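> Sequence and predicted structure below; questions after.
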Amino acid sequence: MSFPGGALLGCAAGLVNVPRIKGSHNAVLSGMLAAEHVAEAIAAGRANDELISYEEAWRGSDIGKDLRKVRNVKPL
């Protein structure tokens, strides 16, 4: 979900909980999580690199826990 100089967030990254139709919560949480990792990268003097820490962190966050339960559910 991350690439050099950017990251995909929310529904663009597929963070929709299909059975519960819960996309806005995960979109906001993914934006907050990405902002934290971007701020850390800027503070460390990094620019235009890949936010690997964001990629790893969302799986352990509330988003990852929420989506793990419904990972094999597809829309009708």
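Now that the structure is in, tell me what you want to look at.

> can you list the residues that contact stretch 56-75?
Outside stretch 56-75, the residues that touch it by C-beta atoms under 8 Å, 6 or more residues apart in numbering are 1, 15, 17-20, 22, 26, 29-30, 33, 37. C-beta here means a position set from N, CA and C on the backbone, and glycine is covered the same way.

> now these: which count as buried?
1, 15, 17, 26, 29-30, 33, 37 (16 or more other C-beta atoms under 10 Å).

> Mind telling me the two of those farthest from one another?
Across the buried ones among the contacts of stretch 56-75, no pair lies farther apart than Asn17 and His37, at 22.0 Å, counting by C-beta to C-beta.

> From Lys74, how far out is the closest residue to Pro4 other than its chain neighbours?
In space, and not counting its chain neighbours, Pro4 is closest to Glu50: 5.0 Å by C-beta to C-beta, 6 or more residues apart in numbering. To Lys74, Glu50 is 29 Å away according to C-beta to C-beta, to the nearest Å.

> Give me the contact list for whichever strand or helix holds Ala39.
Under the criterion of DSSP states H and E, Ala39 resides in helix 24-43. By C-beta under 8 Å, 6+ apart, the residues outside helix 24-43 that reach it are 7, 9-11, 13, 15-17, 47, 49, 51, 53-54, 57-58, 61-63, 66-67.
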